[in-house]
Structures are given as structure tokens and as C-alpha cells.
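> Output the structure for:
(chains A and B)
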2 protein chains.
Amino acid sequence: MLKSEIKTALDKGKATQTVYDDLNFVRITDSSGGLRRGTAVFDAGTVYGYPRIGRVLALEAGLAEQFAEPFWMEEKIDGYNVRIVRVHDQLIALTRGGFICPFTTDRIPDLIDTSIFDKNPNLIVCAEVAGPDNPYLEGGPSFIPHDVRLFVFDLMHWNQPGFLPHANKIQLQERYGLPTVRIFGRFDISAIPQIHEILIRLNDEEREGVVFKEDSERNHRAKYVTSNSNLSDIRALAARIRDLPPEYFTDRILRLVLFLHEQKLVRTEELDRQLGAAFIDGLQDSIAQFLSEHKVYHTFRCRFRSRENAMKLIAHMNQTAGHVKIHRRNLYQEQGYWLLEFDRMYPALNGLLSHLLSGGLMID
Amino acid sequence: MLKSEIKTALDKGKATQTVYDDLNFVRITDSSGGLRRGTAVFDAGTVYGYPRIGRVLALEAGLAEQFAEPFWMEEKIDGYNVRIVRVHDQLIALTRGGFICPFTTDRIPDLIDTSIFDKNPNLIVCAEVAGPDNPYLEGGPSFIPHDVRLFVFDLMHWNQPGFLPHANKIQLQERYGLPTVRIFGRFDISAIPQIHEILIRLNDEEREGVVFKEDSERNHRAKYVTSNSNLSDIRALAARIRDLPPEYFTDRILRLVLFLHEQKLVRTEELDRQLGAAFIDGLQDSIAQFLSEHKVYHTFRCRFRSRENAMKLIAHMNQTAGHVKIHRRNLYQEQGYWLLEFDRMYPALNGLLSHLLSGGLMID
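Below you'll find the model as predicted:
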């Protein structure tokens, strides 16, 4: 059954044969039948993809509409999603897309107590990796001053698309001292005032938001993000205004206004200023960078235990960058780690600025 | 030759047979061969489309790159483009797309001295119509407090795709006292400081910008808009954030930052605030409108001399609205005119708010 599903996905171009070191696996690139995007199929079994979580923009109506049972409210961290598993004797971290991430894989022993896999070889640890020194995202939560940290939010088992129930998750997390996201409690719809209070605090602390998880068999989820997280997304990615889908920006503006409305926050001149500044800061910096260096780019840095994994990350980046250009800047040893620095250059903004600043016309 | 071009355009679906009263004509809907979009082909001859004018975003480099000869600098008015012509004995106004506009056509005698066509039946008057009471654009220049005004900026002849030379244009405009856009002078690239000064003044006065027209046979053009005009566009259309291409907004943010850079204007907190407010004001109003009236819409009003033309405008709006819904609100006599009020409703924002405010999930 599963074998035929995989064959169908491969035939339809919705899956691809992938090799990493001596691991061969099939990576699902587009959801197909019961196989979600990001699912990785090894000879040893299947690691199901982490499902997308829908977003509510109207909190009160959203909770009432989405949840029939009480739900857990957990913090959502602004990082990238990984699934950590042991395949044969090798610990690896899979990204959302089902790639093996050379950076996270390299750093697993720094991030969690790996002995959990000795007793639970069937386990999949689902977590967010966040911090300024990561290879994917520009910036990170302000409460992580350097390097990266890992925050577990779900556990899964091999060959099963669903999650472990909340109680089992907590038990394993506690036993192995796994670093986890904050859990604010188990609520039902009558707790809206408390939920609002937590969200206002998270917004003030410039945290990203929360995920609600129904405490039931179906374990239905919905996420909700703060106004300030929309601002920080815009600020971080303004230089990519021509390289990302423009909805990236307009959707965040809309979410920000809906958050204000929903939280009954008074709209202030300071918020107006922050929204304008989020765009203008990033773009002014890009133009200044273009004028002094003739290109717009962002430099990423991250630490590796092994030099080989740093080289693998660069190869992975080149493979997945799409139209973005990757430029390796530096690789040197520092405090027992290999420090890799590389640039991501944004071709659309570079092309546009180059055309316009040399006097070209824009037809629109 | 032209006949075969028209036939080709019709065959390729780049032109369409159009009827308005007893006028039959072919309207070019996509540029095809030598026929620009908006060209209208009558039995009496061809009214060529008004060409698109490219935009420079870097003024100094742009003028140096675009112009080999001195150029005229004229004000650009924030309205809609029309070509007024006499076909047989009937005065009509064609829109940019080559439709006959029932509103502008109705109001021609209020807007210009039509005797110009008695002596110059071959003339095409190219002009911007602007003001708060127009059927196409939300808002208008702040210096026009009510109704609409017309500003001539070019003259053409039937059957010719080009423009009359500057001197001939001025002569005719003066002889018939045509209302025109402001002409700031004839400059060359050495006049950049003066040009900057005019632009800063226009920005302070919240004017839209300027068009540069080379004083030469080829009559090449380029436009340049102020930072404040980008702000007022965003403010006016924030409620259409899901119904317009999102680039509409991100491009204006980019232009605004390039204007600051180019004009060496100091970026202020007030500007940041205005940019943020431009989005937040419009969206908060839309949400409030949705909550109280269960839909987001904008009410347009315009005056007609004849009731019949008001009915024709509604028909024209329904024909060209695409996914936008038109709702006729009111039509009554006031001070010798027929006053038409109608709503344009934006389905994408309405659909999204309806989904989200009732608790629906957004998957992104």
C-alpha cells in the first residue's frame, strides 16, 4: 500500500530520490495521497511530514469555531521546524521540506540529550530551532542573544502521521530534560480573558505568538501570532521586497490590524511609526548597501562541530536557493567550532536597483 | 494595410467590436502590431491609444539616461486619462482602454471650450480628469475640493500615433483657453538643482509628480512621482489590499524610499508614521465598515447633465468591473445635475474578512 503510494508520488513528480552520505530516501516534495510534503521514506520506515497549522486571525471566533474540546496553549517560537530522528545509528534533523539539514544535524548533541533515542529508537522529536546564528532566517527572537537554541513542541513515532498525546509528550520531555516551548495551560473557550492577557504580554515581550492544540484524539491545531511579530517579520525581510511574494508583506499588515482589532488595543502613533519604519529601515539599508557594495545581500553565520558539515550546508543551500545566489564568505575555527559565513544575494532587488539607479525606466 | 492590421487584431482576440449609441468602432484591447491598447478605430478614422509613459525612480541618472535633448517639465495630475474627439457630429471622451466614458462624455461642455473642434475637427485633446466626484478613482488631488476638473497635457491628430509639437500645442491651448497642466519650463540636465527644488515643493504641496517630455522629434517621455503621492495612493487604496495586485503597495513603498534617497531628504519619524498610518487607517476603516455593514465598499458619486448618461455609466461599470461588484445606490437631481451614487465592493477583502472574523483558518 505505502510502497504503491510512493511509486505513484515518484511517477507524478511529487517525490524525489535523495542521497545524504550513505542514507538513501524518498522525499515527498508535494503532498500526494496520504503523504504530506516533507515526508521522508527510508528503508527503515517513514518519517511523516510535519503538518501545516492553519492560522486564526480572529481569536475569539477562531477558538470557538475550531475547537470542540479544551485545548493546550503553547508558545510559538520564530525559528525553523525540524524533526530529529535516528536512522540506523545516525542522528539526523529533517527540515520542513524533508531535506536533511547539515547544520542542525551537526549540532544535535549540543541541542538535546540524545540518550532519549537509545531507549526510544522509534521517536521523532519535532522542534523549532531559533537564534541569530542560523542558516535560514534573518534574525531571530530577541531573547536568544547568540548561536541557536532548540524548543521541542511535539513528539511523533516512525510510520505514524499523528502526534503523541500531550501526557506522553510531557512525560518523555521531563524524563530527558528536553528543552521545550512554554506551555501556558489547558483552556476552554470560557478562558478568553486569560488568553487575551497572555497574548498582550507576549506582544509586549515581542514574542511571536502561540499554537492552540485540542486535547483530543484528533489533536486539531491553530496558530495565532502577535502584532509585534508581524512588525519584526517586515523589518527583517524588507530587503527582500522584490524577491518574496508581495503578499508576504501585505498579509502581515492585515494581520497586524486584525490583532489590534481583536485585542482591543488602542492604535497608537508609535505603532504607525513602527510599521512605516519596518519598511523604510530595511529598504534604506539595502539601497545604502547597494551603493557602497554594488549588491544587496544578507550575511548568515553559523557554527559547526565538523568542517565537513559546513561544506554540506553550502551545497544544500546552493541546491535549494532557487533564484537567490549563495556566496561563501568565510570558514574558520573559533572556540572549538567551525564558523561558516555566507551571503544570500537577492537578485530581483539587485536587478531592479541596478536598472533604476542607472536611470532605467519602469513601465507599470 | 491598417485594415489588415485590425483584422489580425480581431482574429487574435486583441481587439473587439464596440457599439455606443449609433457609433460602431473597434477597440484594441491588447497592443498588436502598430496598434496600441486603447486605440479606437471608427469608420471616420483611427484615434491612436495614449502611450504608456515609463517611470524613472532615480531622477538624476534617469534624466541623463533618457534624454539627449532639452525637455519640458510638466505637472502630472492624479486623475484618469481621456482623449476627447469629435466623431461625425458627436463629442466623445475615450478612456485609456479605448472605451467611451459616459461620464466624461456627458460633461465635456462643462470642462472645455468645445468650439476648438469646429475649427480643428481633426484634433484629439489628451487630458487628465481629476477630482473627488469621479467614477473611477477613490479620492483626488486635495486642491480640487469638489466635482472634477480637466487638465490638457497633449494634443494629437486623427490617424497619427504621435503628438503635436510643444509650440503648436501651446498655441492652440492659448487660443481656446484650454485648462492645462502646469508647465514648469524647458530644462536640460544641468538644471538638476532647479528640478529638485520644484519637486520638493510639489511634494510639500502633496502633488503627484511630473512628466518630462523631450523637446525633439521623438518627443520621448518619462514620469517621476513624489513621495507624498505614494503615501496618498496607499492611503486611498488600503481597503483594496487583497483585491489589487500586492505589488501595487510594495512598489509604492520602494518608490517612496528611492524618492527620499534621490531628493536627499532626511527621513523623519513623521514619514515613518505616515506610511504606517496609510495602511492602518484604511484597513481599520474597512474592518469597522465590515462589522457594521457586513461588507467593505467605497461609494462613488458623480454629476451628469443627462440621466441617460448616468445609466450608461452604470452599465459601463458593470461591464468593466471584473471581480469587483457594482451597486447603484442613488440617482437624483441636484442643482441642475443628475447626481449618481454607486458602490464598488471588493470581493477578496470581503471574502477574507467574512472567513476570518467568523473564525476560519488561513493556511499560508
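
> Now do the buried residues in stretch A:285-304.
A:286-287, A:289-290, A:295-298, A:300-304 (16 or more other Cβ atoms under 10 Å in any protein chain shown). Using the backbone N, CA and C atoms, a C-beta is placed for each residue, glycine as well.

> ugh, wrong one, stretch A:134-144
A:Asn134, A:Pro135, A:Tyr136, A:Leu137, A:Glu138, A:Gly139, A:Gly140, A:Pro141, A:Ile144.

> Least confident of these?
Of all those, A:Gly139 carries the smallest pLDDT score, 80.

> residues near A:His88, how many?
Close neighbours of A:His88, defined as other Cβ atoms under 10 Å in any protein chain shown, add up to 10.

> show me what contacts it?
A:Ala44 (Cβ atoms under 8 Å, 6 or more residues apart in numbering or on different chains).

> So which residues on the stretch 151-300 of chain A come close to chain B?
A:222, A:241-242, A:245-247, A:249-251, A:253-254, A:256-258, A:260-261, A:267, A:269, A:271-277, A:279-280, A:283-284, A:287 (Cβ under 8 Å from any Cβ of the partner chain).

> before we move on, back to that, out of the buried residues of stretch A:134-144, which comes closest to chain B?
A:Leu137 (16.2 Å; Cβ to the nearest Cβ).

> Pretty sure that closest one sits in a helix.
No. According to DSSP: H, G, I helix; E, B strand; the rest coil, A:Leu137 belongs to no helix; its state is coil.

> That one touches A:Ile77, doesn't it?
No. Contact criterion Cβ atoms under 8 Å: A:Leu137 and A:Ile77 do not qualify, at 11.2 Å.

> what's the overlap in contacts for these two?
Common neighbours of A:Leu137 and A:Ile77 (Cβ under 8 Å, 6+ apart) are A:Ala130.

> What count of nearby residues applies to A:Ile241?
What A:Ile241 shows, counting by other Cβ under 10 Å, is a neighbour count of 26.

> cool, A:Val181 as well?
17.

> re earlier: just give me the closest of the buried residues of stretch A:134-144 to A:Gln66.
A:Pro141 (25.8 Å; Cβ to Cβ).

> Report the contact partners of the closest one.
A:Ile77, A:Asp78, A:Gly79, A:Ala130, A:Gly131, A:Glu206, A:Arg207, A:Glu208.

> quick one: which of those residues has the most company?
The most crowded member of the contacts of A:Pro141, judged by other Cβ under 10 Å, is A:Ile77 (26 neighbours).

> if we can go back for a sec, just the ones of the residues of the stretch 151-300 of chain A next to chain B in strands?
Here DSSP state E is the test, and those give A:Ala222 as lying in strands.

> which of the residues of the stretch 151-300 of chain A next to chain B are buried?
Looks like these have A:222, A:241-242, A:246-247, A:249-251, A:253-254, A:256-258, A:260-261, A:267, A:271-277, A:279-280, A:283-284, A:287 buried, using 16+ other Cβ under 10 Å.

> so how far is chain B from the closest residue to A:His220 other than its chain neighbours?
Spatially, and ignoring its direct neighbours in sequence, A:His220 is nearest to A:Glu214 (4.4 Å; Cβ to Cβ, 6 or more residues apart in numbering or on different chains). A:Glu214 sits 13 Å away from chain B, going by Cβ to the nearest Cβ, to the nearest Å.

> shouldn't A:Glu214 be in contact with A:Met73?
No. Taking Cβ under 8 Å as the definition, A:Glu214 is not a contact partner of A:Met73, at 11.0 Å.

> The two - which one has more neighbours?
Between A:Glu214 and A:Met73, A:Met73 has the larger neighbour count (other Cβ under 10 Å), namely 21 against 18.

> Mind listing the residues bridging to that one?
A:Gly185, A:Phe212 (DSSP bridges).

> any weak-confidence spans in chain A?
A:1 (pLDDT under 70).

> Just read off the phi/psi values of the residue most central in space within it.
By Cα atoms, centre = their mean, chain A has its centre lying nearest to A:Tyr80, at 2.5 Å. With angles defined as degrees, to the nearest 10, A:Tyr80 sits at phi -120, psi 150.
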